[in-house]
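[1] no sequence for this one, just the structure:
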């Protein structure tokens, strides 16, 4: 079903306010979810209303979200997320990171005691648009074995990096540190398809191509020992250094079995402190042109900048509507009904 | 052949001083090369005397190394490496990064106009030993196609991260952003062995398992599009933001065809600004114990901390001598002879 972005935004805000969030915070989360949905990253969009709804009803997410300052010193800042909505703490982190980077050249803002942050590119791109480089990572519930292990230990701890280019199209990478997201394995299971070797291991640590066996086992880190090391770094920095929880103590956001304990790290670098901005953007323009115009591999019709496919999808969604599964729209309408709202999400057509 | 570390250090210093470096700088480089050789990373150790020798003789490396301050503002610093020896600029970057991180919580030091930096873990571990987290990356000559491309564009741009643990054994990851180093492909070619699919592509961008075809083509990024994005980020930050050269303008250090133009980024994070150090080390001790005691995959007899295998090798080298190939020792002795030194490197036994 195709949905107009503004309509989706309205009902996300309506539901969150009905659950106890204040309108200003609800609008931040609405922006975050619409960003993900309009880019086709539906696992990080309005789908998250479901775990939020369950957690609020189970008294395991505190609304309205109230963040607090834990540390504010020099180029660093630590936010307590108040066990509220991740994007509220995340947007606060963006504002502080940009301010501190503009003063010190680089800044680091940590978040402890928060919940699922949605799409990290949402934050890094907001930093990049200020003429900066934004780097963000967060930890997550155990789903991945470290290299050599056969048990889930770290999450698929994502890292996002966005770089100002002087154009609408930013350089914007946003990746899990696993080979693939668990969602892709779930999809193969639903479709009775095998998965490529190298995606996951079974409960004994053996390679498997059976998606159901894989789902009982663990996903593998990208690049073997390399992705494993990166996921551990994310956990140590975002979890331990921030004063949040760390592997394997993090609880899944998707089932209300206690506070998640998620932590996040945000770093902003102010480009103009290093190089004249017009010089930087001129080099970047050449750089991107050289990158895109090179000889292609047989499998590739085009070389995309990181984030370019998602940006194209967003522009298409803005024009033709955001594609959501009918069942996902039904869930949102069900929540609206439950919460006494008369609003309903409807197909654009 | 097994060599005593102090003997290797002495001849490295002797050669560098004879080539025009000052003794203080030569000792930094000697430490750096002995660090790599004693860890078995011989591509980054005293082997680098060969390209240094060639470059000095070709007037393409300036000795003694004189670094200059380009920018010193807030938490950031930019060093001009004076087209000298990388480790001299790298050690200066470490000292500044540690000082600024202790004042601002986080710091970023960039190096432009330098040469091969040797093993990056050398620098990140020196930062980590100060109770900090050190992150370093540098760009390198084109060897890797970006995802979808069929030409070398970025280098195998390495990233190193070291974290203080309160113990001798640090958490110390140091990785190329390619699936494997080109050295492994060269080794397969020498031994007439095929290489696994996924390591490299031929000149048309097709997968190949023939090492010779691979060497004419390009190595592949770790994790496909993910490693490709990370390598580009390293190039943009270390190359463009620092005012150094960037892909594909970087020249190989290994043949004197003009200045390399290498740039590097060093970030230091002061742990005590975020969390009490004893609390951090206590959590890390538990964390590492949990990691190492988990159920193992079938292929693994032990779960190693990033850098642990290299540290074990270093301890072994300290005890029994550094293993160098006879031919490598012959080259060093040849340089000593050429430079009029009477010193010779000899087997420990």
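    Cool, the structure landed. Just so it is clear, the structure is predicted and the values come from calculations on it, not from any experiment.
[2] what's the neighbour count on residue A:59?
    Residue neighbour count, defined by other C-beta atoms under 10 Å in any protein chain shown, stands at 8 for residue A:59. For every residue, glycine as well, the C-beta is placed using N, CA and C.
[3] return the distance of it relative to residue A:259.
    With distances taken as C-beta to C-beta, to the nearest Å, residue A:59 is found 11 Å from residue A:259.
[4] what residues does the stretch 51-200 of chain A have near chain B?
    Residues of the stretch 51-200 of chain A lying close to chain B (C-beta under 8 Å from any C-beta of the partner chain) are A:71, A:73-76, A:78, A:103-108, A:110, A:133, A:145-151, A:153, A:161, A:163, A:171, A:173, A:175, A:179.
[5] take these and keep only those in helices.
    Of the positions in these, A:103-104 sit in helices, assigned by DSSP state H.
[6] buried members of the residues of the stretch 51-200 of chain A next to chain B into PyMOL, please.
    Buried residues within those, by 16 or more other C-beta atoms under 10 Å in any protein chain shown, are selected in PyMOL with:
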select buried, chain A and resi 71+74+75+76+78+103+104+105+106+107+108+110+133+145+146+147+148+149+150+151+153+161+163+171+173+175+179
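[7] may I see the buried residues of stretch A:28-48?
    Quick answer for stretch A:28-48 (16+ other C-beta under 10 Å): A:28-42, A:44-48.
[8] centre-most residue in chain A?
    In chain A, the C-alpha nearest the mean C-alpha coordinate belongs to residue A:119, at 2.4 Å (C-alpha atoms, centre = their mean).
[9] quick one: that residue is in a strand?
    No. Counting by DSSP: H, G, I helix; E, B strand; the rest coil, residue A:119 is located in no strand; its state is coil.
[10] ok, it - contacts?
    Counting by C-beta atoms under 8 Å, 6 or more residues apart in numbering or on different chains, residue A:119 makes contact with A:32, A:35-36, A:39, A:41, A:44-45, A:160, A:174.
[11] strands along the stretch 51-200 of chain A, start to end?
    For the stretch 51-200 of chain A, the strands defined by DSSP state E, counting those that start in this stretch cover A:68-73, A:76-80, A:106-114, A:132-138, A:159-163, A:171-175, A:200-201.
[12] mind giving me the packing neighbours of the helix or strand of chain A with the lowest mean pLDDT?
    The weakest-scoring helix or strand in chain A, judged by mean pLDDT, DSSP states H and E, is helix A:182-190 (a mean of 83). Applying 3 or more C-beta pairs under 8 Å, 6 or more residues apart in numbering or on different chains; DSSP states H and E, we find helix A:182-190 packed against helix A:211-216.
[13] next SSE downstream of the helix it packs on?
    Using DSSP states H and E, the helix or strand that follows helix A:211-216 in sequence is strand A:218-219.
[14] now check that next one, is it near chain B?
    No. Using C-beta under 8 Å from any C-beta, we find that strand A:218-219 stays clear of chain B, coming within 9.5 Å at best.
[15] ok, the residue nearest to the centre of chain A to residue A:233 distance?
    Distance of residue A:119 to residue A:233, given as C-beta to C-beta: 21 Å.
[16] how about residue A:105?
    Applying C-beta to C-beta to residue A:105 and residue A:233 gives a distance of 22 Å.
[17] am I right that residue A:74 is in contact with residue B:105?
    Yes. If you go by C-beta atoms under 8 Å, residue A:74 and residue B:105 touch, sitting 4.7 Å apart.
[18] still on that earlier bit, roughly how far apart are the residue nearest to the centre of chain A and chain B?
    Using C-beta to the nearest C-beta, to the nearest Å, we find residue A:119 at a distance of 16 Å from chain B.
[19] okay, that residue: pLDDT?
    Looking at residue A:119, its pLDDT is 96.
[20] and residue A:106, by the same measure?
    98.
[21] which residues touch it?
    By C-beta under 8 Å, 6+ apart, residue A:106 lies in contact with A:75, A:267-270, B:75-76, B:106-108, B:267.
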